[in-house]
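Peer 1: Predicted model and sequence follow; I will ask about them next.
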Amino acid sequence: MLWVRSTPRRGDRVLLSKYCVIVPDYPYKGQHVVFHTGTQALVLLDSQALSYLKNEIRLNTLPPKKQIEYQKMLPELRQMGILVKDQQEDAAYLESFFDQLKRQRIRKTWPVTILTTDACNFQCVYCFEENARRNIAMNLEVQTDTLAFIKNRMTSDKYERLYVTFYGGEPLLKPAVITHLASNLKNWSKKAGVVFEFMLQTNGYLLSPNLVRSLIPLGLDQVRVSLDGPRDVHDARRPLRSGGRTFDTIIKNILASMDSIKICVSVCYEKDHLQDIDALLSFLKQKNMLHQLGRFIFSPIHPRLGTPEDKNRIQHFDCMINYQDANLVQSISVIRDILKTYDVDDSRKGLAISACPLMREKGGLTIDPCGYIYKCNSMIGFSKFSVGQVKDAQFNPRADYFVSLDPWRSCPNDCPYLPLCGGGCRMSAYFKYKDFKELDCHRDYLDQMIPVFIKEEYTRLTTEKQYSS
């Protein structure tokens with residue numbers, strides 16, 4: 001992998017952006033993929049073109065045909081952000097980039113997570129909500145305020161689509177709340193001329209085909225069920241609060257419902273137990289379920305805050321975000337190999353820009369059963385970290401504080417990944433350093449994995465082009 005840090009020679013007036021990553025000799029020797037981590041532009045250049053853009057050779061030393069070819073490509077590369085006029089333009093781009101992420105509406109869809117209750121029929125060993133659980137359901141007054149808040153924000157920010165995730169606790173403990181909110185938003189969306197859809201994030205124990213069929217007309221788009229491995233592993237990590245097993249009931253419910261709705265699977269894993277993923281996929285294949293399910297989402301087990309009275313006491317700190325980057329790379333590589341074995345698509349988008357929701361004015365929000373608003377699910381139940389209440393017209397000062405955070409300004413100036421990570425996850429920084437302002441740098445991980453993701457993206461794009469030709 002080559003870092004782009006060059007000074008233009010007088011007269012050539014080309015400078016590669018420092019936010020470009022180059023994967024050399026791919027797909028063939030003498031060809032090089034160049035990817036801009038901010039604009040997400042991706043181009044394939046031959047060795048001569050790359051040497052010219054890096055100011056290693058002068059344009060007038062090339063054959064006339066090559067000179068014309070390279071001069072023609074310069075405007076397009078400038079438009080892509082791959083070429084810049086000077087280092088000041090590169091720096092100005094980054095300022096504008098992060099200001100846009102902070103202040104502007106980036107997407108036409110507004111994602112909102114609603115906790116129907118913080119109560120749960122499971123007692124998962126790693127649940128980040130456990131210490132803040134109060135067994136409260138969203139009452140009618142909060143539901144009314146939540147609906148008004150959502151409608152006002154949708155209108156004022158001119159979103160075209162609302163996508164709600166019903167979450168918990170376990171959301172299916174309170175199906176009436178889901179039905180009330182979804183039916184109201186469905187009716188309102190028709191009159192407002194916007195699209196409304198929702199999904200259920202559930203442990204699956206109370207899932208039923210009758211419930212699914214009743215929710216589909218209201219906008220149910222998919223169901224996401226948590227499975228953490230084969231039977232014994234799952235039951236040990238995700239038992240009933242009463243101590244009973246859960247795996248067999250969940251599988252039965254998925255089988256009964258999967259013909260009616262797309263069901264995705266969330267899997268939490270630990271670095272020393274990746275064989276559990278293999279065993280789970282093997283089981284699902286034996287049951288003829290594997291390729292009828294939607295996408296699989298694999299997540300490392302995260303730490304959780306302490307009690308509301310002692311939130312600084314971090315629990316489950318030996319989690320994946322605190323492993324050395326080499327372990328993280330190894331874990332992801334093993335998981336990807338397992339998925340290939342079972343011909344399961346890896347839906348991870350490694351080149352996606354990680355815009356931390358804490359620092360965005362118009363990002364997604366989470367609303368808890370009491371109407372408190374959060375910008376990160378790991379903060380649920382800790383009202384000190386809430387950015388407001390649905391009954392209020394404005395966010396509180398905590399929201400302004402989060403938006404004011406600019407961790408990327410402390411990042412090394414030569415890091416090409418700045419647009420991708422922006423200084424890292426703010427909650428992870430708090431877990432590690434008790435300070436939202438600290439960097440959460442994983443450059444070693446990015447050094448190893450970004451070239452892999454670039455190669456995959458190039459292959460995907462070229463394959464799509466071949467099929468569309």
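Peer 2: That came through fine.
Peer 1: Which of the helices and strands in this protein ranks last by mean pLDDT?
Peer 2: strand 2-3 (a mean of 35; mean pLDDT, DSSP states H and E).
Peer 1: Which strands border the very next helix or strand once past that strand, and is each parallel or antiparallel?
Peer 2: Next helix or strand after strand 2-3 toward the C-terminus (DSSP states H and E): strand 15-16. The strands that strand 15-16 pairs with in its sheet are strand 83-84 (antiparallel) (by DSSP bridges).
Peer 1: how about the following helix or strand past the strand it pairs with: buried residues?
Peer 2: Beyond strand 83-84 on the C-terminal side, the first helix or strand identified by DSSP H and E is helix 87-103. Residues of helix 87-103 classed as buried by neighbour count (16 or more other C-beta atoms under 10 Å): 90, 93, 94, 97, 98, 101, 102. Glycine gets a C-beta too; all of them are placed from N, C-alpha and C.
Peer 1: element containing residue 125, please.
Peer 2: Going by DSSP H and E, residue 125 is not in any helix or strand.
Peer 1: Touching stretch 246-264 from outside, list them.
Peer 2: 122, 203-209, 212-213, 216, 220-225, 227, 230-231, 234-235, 238-240, 287, 289, 292-297 (C-beta atoms under 8 Å, 6 or more residues apart in numbering).
Peer 1: Figure out how far that stretch is from the centre of its chain.
Peer 2: Relative to its parent chain, stretch 246-264 has a centroid offset of 25 Å by C-alpha atoms, centre = their mean, to the nearest Å.
Peer 1: Straight-line length of it, end to end?
Peer 2: 18 Å (C-alpha to C-alpha, to the nearest Å).
Peer 1: What average pLDDT does it get?
Peer 2: When pLDDT is averaged over stretch 246-264, the result is 98.
Peer 1: likewise stretch 82-95?
Peer 2: 94.
Peer 1: do the same with stretch 48-62
Peer 2: On average, stretch 48-62 scores 89.
Peer 1: can you pull the buried residues of that stretch?
Peer 2: Here stretch 48-62 shows 48, 49, 50, 52, 53, 54, 55, 57, 59, 62 as buried, counting by 16+ other C-beta under 10 Å.
Peer 1: Tabulate those (TSV), appending distance to residue 357 and secondary structure.
Peer 2: Conversion of those to TSV gives the following (distance: C-beta to C-beta, whole Å; DSSP: H, G, I helix; E, B strand; the rest coil):
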residue	distance to residue 357	secondary structure
48	44	helix
49	39	helix
50	37	helix
52	41	helix
53	36	helix
54	37	coil
55	40	coil
57	45	coil
59	45	helix
62	48	coil
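Peer 1: residue contacts, the spatially closest residue to residue 374 that is not a sequence neighbour?
Peer 2: Excluding the flanking residues, the one nearest residue 374 by C-beta to C-beta, 6 or more residues apart in numbering is residue 366, at 4.5 Å. Neighbour list for residue 366: 112, 113, 114, 115, 167, 373, 374, 375, 376, 377, 380 [criterion: C-beta under 8 Å, 6+ apart].
Peer 1: helix/strand/coil for residue 366?
Peer 2: strand (DSSP: H, G, I helix; E, B strand; the rest coil).
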